[in-house]
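Colleague: here is a sequence together with a model predicted from it:
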Amino acid sequence: MNNKRPTDDLYFVELEKQLQAAKDDSELFQAIVNAPFHNKLMTTKLGLGVTVLLLVDSENRTVDRIALSNTFQAEGAVQMSAKPFNEIRIPYDYDQNYIVQAIKSNEYRHTDDWQYMFIPELTPQEARFNQAGAGIDCSVIYPLSGARDGGAMIFSYFEPLQNIGPEQHNFMRRYTKLVAEVLQRLAQ
């Protein structure tokens, strides 16, 4: 079943343009997390509030937070955080973390409780404060298949989990595929 509409295709053409315009990794990482917000109507329709790029650091055996979208919701999470964004590194062998599970299984995970994305780096209460500060209802973690040493994208929504349906999953699937391809191509 094809859930794409012409507006979706135009949206993705613009997303790809923004990623391709990056001159280096730093610009690319910021473009990855901010590009979905170029069309406020589409972003609002999806209920998307925050995106996060995570990459595996194979040398340190951690999953590192690389970039965070420049949104009001993301700012709220950062203000409430017990640790700075870049210092939160999840041990790659910590299989209870949903991000690690998504990367290793190559299947998406979802949660309406951020403790599962932050353990063991933050306590459940600290993780929930971040989530409350962002005003986020749920998050979906999609793996970045074939991207460098592995990674994932977190898509956080101000909609409840039961409202995350085919439209959001189609977006997340297509976007993570695009991101993985661009990350791999620029790494070569």
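Modeller: Received the coordinates, thanks.
Colleague: does the spatially most central residue of the chain belong to a helix, a strand or coil?
Modeller: With distances taken as C-alpha atoms, centre = their mean, residue 154 lies nearest the centre of the chain, 2.3 Å away. Recorded secondary structure, residue 154: strand (DSSP: H, G, I helix; E, B strand; the rest coil).
Colleague: identify the residue spatially nearest to it, adjacent ones excluded.
Modeller: residue 52 (4.0 Å; C-beta to C-beta, 6 or more residues apart in numbering). Glycine gets a C-beta too; all of them are placed from N, C-alpha and C.
Colleague: just how off-centre is the strand or helix carrying the one you found within its chain?
Modeller: Assigned by DSSP states H and E, residue 52 belongs to strand 48-57. Chain-centre distance of strand 48-57: 3 Å, with C-alpha atoms, centre = their mean, to the nearest Å.
Colleague: direction included, what does it pair up with?
Modeller: strand 62-68 (antiparallel), strand 151-157 (antiparallel) (DSSP bridges).
Colleague: now for those, which one comes closest to residue 21?
Modeller: strand 62-68 (15.6 Å; C-beta to C-beta).
Colleague: re the thing from before, in contact with the residue nearest to the centre of the chain, which residues?
Modeller: 50, 51, 52, 54, 99, 117, 139, 140, 141 (C-beta atoms under 8 Å, 6 or more residues apart in numbering).
Colleague: so which of the residues you listed is the closest to residue 12?
Modeller: residue 51 (15.0 Å).
Colleague: how many neighbours does residue 61 have?
Modeller: Residue 61 has 12 neighbours, counted by other C-beta atoms under 10 Å.
Colleague: and it, what's its pLDDT?
Modeller: With respect to pLDDT, residue 61 scores 97.
Colleague: tell me which residues touch the residue lying closest to it once chain neighbours are set aside, please.
Modeller: For residue 61, ignoring the flanking residues on the chain, the nearest one in space by C-beta to C-beta, 6+ apart is residue 92 at 4.6 Å. The contact partners of residue 92, taken as C-beta under 8 Å, 6+ apart, are 56, 61, 62, 63, 100.
Colleague: all helices of the protein, in order?
Modeller: All helices of the chain, identified by DSSP state H, fall at 6-20, 25-34, 40-46, 72-80, 98-105, 115-118, 124-134, 166-187.
Colleague: ok, and what's touching the lowest-mean-pLDDT helix or strand in the chain?
Modeller: Within the chain, confidence by mean pLDDT, DSSP states H and E is lowest for helix 6-20 among all helices and strands, at a mean of 83. Contacting residues not belonging to helix 6-20 are listed as 28, 31-32, 34-36, 38-39, 42, 170-171, 174-175, 178-179, 182 [C-beta under 8 Å, 6+ apart].
Colleague: go on, stretch 114-123?
Modeller: By C-beta under 8 Å, 6+ apart, stretch 114-123 touches 81-83, 88-91, 94, 96-99, 109, 111, 124, 126-128, 130-131, 136, 139, 141, 154.
Colleague: alright, that wraps it up for me.
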